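Undergrad: what follows is a predicted protein model with its sequence.
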Amino acid sequence: MTRILLHLLILFLIFSNDGFAQKSRDAEVDISFVTATAKVQPFIPELPGTLMEMSGLLVYRDLFWGFNDSGGKNVLYACDKSGSLVMEVEIENARNDDWESVTQDEEHIYVGDFGNNRGDRQNLRVYKIRKGDIQSDRHQKVKAELIAFEYESQQSFASPVNGTPYDCEAMAFYDGKLQLFSKNWKDRITEHYQLPVKSGKYKLKAGDSFNVRGLVTGADFSPGGKTLALLQYENWKIYLWLFTDFEGTAFLQGNSQCIYLKNLDSAQAEGVSFLNKDTVLISCEETKSFKQQVFLLDLRELANGTHSN
């Protein structure tokens, strides 16, 4: 009996611990899709202790905005370049089930509460905040509009742990809509969904897809919208996909480049944001290997061949 229980415990650990499962796949990973390697540089070497999980990253008013993910407070935090906490904005009619991404248009900030590792959530939503409601007070409260959604193709809300295709951590604004890119635990592709920005409840149907060979955790468009960046990890290695020369919103059908960020091994990189057309910022949560911080990648060095393989 004891031996049977021990075997069951081992099986449980294997299938419930994503870190173990990822390491066990090392030998199977094909890295032929990597077209360049790069080293990121420290940009904000340490974020405040209140921002341990920095799951999303937004640049607004020359400040760097983020939040803690599942179980965190329903608060947006804004830091300056030194890492000092400048503002805390509570969304008073929101809750943080699993905030994972943040983006903006000219008049609004959108916070994505749609983390769904188990595929069992039936309250997926985005909080829409008017920029005009955010003042300069250190501590303040705002109210948000609600954009709710579900996946049209999802028939079951029971799935193996870390085995659902209905997780999402990446959202960016483009062409008047929110562009969502799935974190597909099942087969390591990403699927593209479009979500209207008007309050309501929507059923989302997947558009195009792309085999990123990993788990997408962040998205952003360059100023002008010519480049889509998708941040991802697999086997505790961090990659940045860049998509260009796409037509309309067929982003994943454009030209693609995959950059391996070789000095971020073992990081938990969650947020990505263009600082300008040539510079990408990447935020990391606190882990045993890294402090919570923000890194910078200079795309001009890639173009000049500095980091090319």
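TA: Ah, there it is.

Undergrad: what about Gln104, how many neighbours?
TA: By other C-beta atoms under 10 Å, 17 other residues sit near Gln104. All C-beta atoms are positioned from the backbone trio N, CA, C, and that covers glycine.

Undergrad: cool, and Ala250?
TA: Neighbour count for Ala250, taken as other C-beta under 10 Å: 12.

Undergrad: quick check on the closest residue to it other than its chain neighbours: phi, psi?
TA: Closest residue in space to Ala250, ignoring its immediate chain neighbours: Asp208 at 5.8 Å, by C-beta to C-beta, 6 or more residues apart in numbering. For Asp208, the backbone dihedrals (degrees, to the nearest 10) come out as phi -80, psi 170.

Undergrad: got the CA positions of stretch 181-198 in CSV?
TA: Only the C-alpha atoms of stretch 181-198 are listed here, as CSV (Å, rounded to 0.1, in the frame of the first residue of the first chain):
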residue,chain,number,x,y,z
PHE,A,181,-2.6,36.1,-28.0
SER,A,182,-3.1,32.8,-26.2
LYS,A,183,-0.8,31.1,-23.8
ASN,A,184,-1.5,27.6,-25.2
TRP,A,185,-0.3,25.0,-22.7
LYS,A,186,-1.6,22.2,-24.8
ASP,A,187,0.5,22.5,-28.0
ARG,A,188,2.7,25.6,-27.6
ILE,A,189,1.1,27.5,-30.5
THR,A,190,-0.4,30.9,-29.9
GLU,A,191,-3.9,31.8,-31.3
HIS,A,192,-5.0,35.4,-32.1
TYR,A,193,-8.3,36.8,-30.9
GLN,A,194,-9.8,40.3,-31.3
LEU,A,195,-11.9,41.9,-28.5
PRO,A,196,-14.0,45.0,-29.0
VAL,A,197,-13.2,47.9,-26.6
LYS,A,198,-16.9,48.7,-25.9
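
Undergrad: and that stretch, which residues are buried?
TA: Burial within stretch 181-198, assessed by neighbour count using 16 or more other C-beta atoms under 10 Å, is assigned to 181-185, 188-195, 197.

Undergrad: for the stretch 1-150 of the chain, which segments count as strands?
TA: Counting by DSSP state E, counting those that start in this stretch, the stretch 1-150 of the chain has strands at residues 36-38, 41-44, 58-60, 63-66, 75-79, 85-91, 99-104, 108-113, 125-130, 139-142, 145-151.

Undergrad: closest to Asp175 out of the buried residues of stretch 181-198?
TA: Set against Asp175, the nearest of the buried residues of stretch 181-198 by C-beta to C-beta is Gln194 (8.5 Å).

Undergrad: any idea what that closest one is bridged to?
TA: Beta bridges link Gln194 to Gln179 when assigned by DSSP bridges.

Undergrad: from Pro165, how far out is it?
TA: Distance from Gln194 to Pro165, counting by C-beta to C-beta, to the nearest Å: 17 Å.

Undergrad: do the same with Lys81
TA: Counting by C-beta to C-beta - Lys81 and Pro165 are separated by 38 Å.

Undergrad: who has more neighbours, these two?
TA: Regarding Lys81 and Pro165, a neighbour count based on other C-beta under 10 Å identifies Pro165 as having more, with 19 against 11.

Undergrad: just to revisit the earlier point, list the contacts for the residue nearest to Ala250?
TA: Residues near Asp208 by C-beta atoms under 8 Å, 6 or more residues apart in numbering: 191-192, 250-253.
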